[in-house]
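Participant: no sequence on this one, just coordinates:
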């Protein structure tokens with residue numbers, strides 16, 4: 001009897017102690033400060049699918065301009081940074097020698113035209129005598145040209161004169177030889193009493209003179225360096241007095257009215273790339289400015305070294321916000337996810353090198369860890385492929401390092417600044 005009373009008393013004491021311990025635990029839990037967290041709701045809606053890649057900005061059109069003549073630069077009309085129109089003169093070369101040659105060629109055309117007219121109306125005996133005089137004159141001119149060339153050649157070999165002077169002497173000698181040969185043929189035809197052949201020769205001389213004049217007129221046009229299109233002078237390599245040469249660039253002109261962001265997209269994500277897709281470029285030093293464009297080029301070959309596919313995004317750049325050479329990130333929209341569950345990027349903690357990670361959701365005032373698998377980030381939003389159904393309260397602020405089952409309190413939303 002006494003034993004039964006003792007056991008009952010001990011049971012009562014144990015219950016009292018247990019109740020007291022539970023009460024103390026509840027009091028301790030209640031006394032702990034709640035962790036304040038910021039939350040959002042896991043939304044469900046349509047999301048655009050995209051790929052991202054680093055990109056550099058280029059001009060849509062760019063040209064390195066060089067002279068077609070070797071001549072001193074007489075005048076620069078523009079400088080680096082200037083805006084130019086299509087066909088605008090950028091520089092002028094010294095063309096005085098060419099103008100003198102052009103004037104001589106024009107006189108030769110006039111002379112050849114007059115000779116043709118006289119030949120057509122002339123009589124043979126008179127022309128034969130005149131032809132003999134022309135042969136003698138041409139012979140004298142040829143001898144003089146030969147002596148002049150020999151002197152120039154000797155001076156050039158000694159380094160006393162530039163190559164241009166020797167070339168001019170060679171040209172004069174060649175013209176003298178041609179004139180002498182023409183005079184000889186003309187005389188032979190006259191003495192053979194073939195007036196028609198004489199006329200043909202005169203016509204040939206006229207055509208030759210006109211051809212030489214046209215050549216010099218074209219070379220004079222080359223003395224002006226013009227822009228092939230409207231744009232900006234982005235490089236200037238020469239200054240007045242420098243020697244312009246065909247193999248040396250003078251200017252680089254770029255048309256930046258439309259900029260091209262060239263991206264190297266990883267081959268693993270390039271399957272959905274198509275011309276015409278929307279693209280968004282963000283410069284690395286201006287994260288708050290996003291510029292939209294359209295894909296105009298998708299390379300059909302994969303770079304074997306980098307395993308990337310080059311893609312071009314053309315962006316209207318009327319205000320010249322983009323500069324050639326800028327670096328940034330290009331997002332190419334390749335499709336759309338219908339009714340996807342998504343959360344902000346900052347709500348996730350990813351496993352390194354994967355698209356798997358965790359989010360913290362609030363359930364019964366406690367933080368609960370959820371394992372999720374995420375899709376590619378789209379404008380700061382991450383589609384959740386598995387792990388959430390939508391509608392969950394997801395922690396986005398204050399959750400870093402938070403243990404599972406930690407009691408939390410949802411912080412009041414911050415008032416927006418006016």
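Facilitator: Sure, I can see it. These numbers come from a predicted model, not from an experiment.

Participant: now the longest strand along the chain: average pLDDT?
Facilitator: Using DSSP state E, we find that the single longest strand of the chain is strand 43-66. Per-residue pLDDT values over strand 43-66 give a mean of 89.

Participant: what strands line up against that strand, and which way round?
Facilitator: Here strand 43-66 has these sheet partners by DSSP bridges: strand 249-266 (antiparallel), strand 327-344 (antiparallel).

Participant: neighbours of the nearest residue to residue 153 once chain neighbours are set aside, how many?
Facilitator: The shortest distance from residue 153 to any non-neighbouring residue, by Cβ to Cβ, 6 or more residues apart in numbering, is to residue 166 (6.5 Å). C-beta coordinates here come from the backbone N, C-alpha and C atoms, glycine included. If you count neighbours by other Cβ atoms under 10 Å, residue 166 ends up with 16.

Participant: need the contact list for residue 203.
Facilitator: With contact set as Cβ atoms under 8 Å, 6 or more residues apart in numbering, residue 203 has these partners: residue 116.

Participant: does the residue lying closest to residue 398 once chain neighbours are set aside count as helix, strand or coil?
Facilitator: Nearest non-adjacent residue to residue 398, counting by Cβ to Cβ, 6+ apart: residue 37, 4.0 Å away. Classification of residue 37 by DSSP: H, G, I helix; E, B strand; the rest coil places it in strand.

Participant: buried sites along the lengthiest helix in the chain?
Facilitator: Using DSSP state H, we find that the single longest helix of the chain is helix 124-157. By 16 or more other Cβ atoms under 10 Å, the buried positions in helix 124-157 come out as 127-128, 130-131, 134-135, 138, 141-142, 145, 149, 152, 156.

Participant: next, count neighbours for the residue nearest to residue 398.
Facilitator: Residue 37 has 21 neighbouring residues, counting by other Cβ under 10 Å.

Participant: tell me which stretches of the stretch 101-250 of the chain form helices.
Facilitator: With helices called from DSSP state H, counting those that start in this stretch, the stretch 101-250 of the chain shows them at 124-157, 163-191, 195-222.

Participant: looking at these, which is closest to residue 407?
Facilitator: Proximity to residue 407 (Cβ to Cβ) singles out helix 195-222 among those, at 84.0 Å.

Participant: mean confidence for the closest one?
Facilitator: Helix 195-222 comes out at a mean pLDDT of 82.

Participant: contacts only, for the nearest residue to residue 108 once chain neighbours are set aside.
Facilitator: Nearest non-adjacent residue to residue 108, counting by Cβ to Cβ, 6+ apart: residue 209, 4.4 Å away. Counting by Cβ under 8 Å, 6+ apart, residue 209 makes contact with 105, 108, 109, 111, 112.

Participant: contacts only, for the nearest residue to residue 183 once chain neighbours are set aside.
Facilitator: Leaving out its chain neighbours, the residue that sits closest to residue 183 by Cβ to Cβ, 6+ apart is residue 138, at 4.1 Å. Residues near residue 138 by Cβ under 8 Å, 6+ apart: 176, 179, 180, 182, 183, 184.

Participant: can you flag the buried ones in those residues?
Facilitator: The neighbour count (16+ other Cβ under 10 Å) marks 176, 179, 180, 182, 183 as buried among the contacts of residue 138.

Participant: how far away is the nearest residue to the first one once chain neighbours are set aside from residue 171?
Facilitator: Counting by Cβ to Cβ, 6+ apart, residue 176 lies nearest to residue 145, which is 3.8 Å off, once chain neighbours are set aside. Here the criterion is Cβ to Cβ, to the nearest Å. By it, residue 145 lies 10 Å from residue 171.

Participant: just the buried residues of the contacts of residue 209.
Facilitator: Among the contacts of residue 209, those scoring as buried are 105, 108, 109, 112 (criterion: 16+ other Cβ under 10 Å).

Participant: closest to residue 406 out of the residues you listed?
Facilitator: residue 105 (95.6 Å).

Participant: got the contact list for the residue lying closest to the closest one once chain neighbours are set aside?
Facilitator: Nearest residue to residue 105 in three dimensions, chain neighbours excluded: residue 213, at 4.1 Å (Cβ to Cβ, 6+ apart). Residue 213 sits next to 102, 105, 106, 108, 109 when contact means Cβ under 8 Å, 6+ apart.

Participant: make it 10 Å
Facilitator: Residue 213 makes contacts with 101, 102, 103, 104, 105, 106, 107, 108, 109, as judged by Cβ atoms under 10 Å, 6 or more residues apart in numbering.

Participant: and those residues as JSON lines, adding pLDDT and distance to residue 309?
Facilitator: Output for the contacts of residue 213, formatted as JSON lines (pLDDT from 0 to 100; distance: Cβ to Cβ, whole Å):
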{"residue": "101", "pLDDT": "83", "distance to residue 309": "54"}
{"residue": "102", "pLDDT": "82", "distance to residue 309": "54"}
{"residue": "103", "pLDDT": "85", "distance to residue 309": "59"}
{"residue": "104", "pLDDT": "85", "distance to residue 309": "60"}
{"residue": "105", "pLDDT": "82", "distance to residue 309": "56"}
{"residue": "106", "pLDDT": "88", "distance to residue 309": "58"}
{"residue": "107", "pLDDT": "86", "distance to residue 309": "63"}
{"residue": "108", "pLDDT": "84", "distance to residue 309": "61"}
{"residue": "109", "pLDDT": "85", "distance to residue 309": "59"}
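
Participant: with respect to residue 339, which of the residues you listed is nearest?
Facilitator: If you rank those by distance to residue 339 using Cβ to Cβ, residue 102 comes first, at 76.5 Å.

Participant: for residue 362, list each beta-bridge partner.
Facilitator: Beta bridges link residue 362 to residue 367 when assigned by DSSP bridges.

Participant: hey, which helix or strand in the protein has the poorest pLDDT?
Facilitator: Every helix and strand in the chain was compared by mean pLDDT, DSSP states H and E; the lowest is helix 2-31, with a mean of 52.

Participant: sounds good, over and out.
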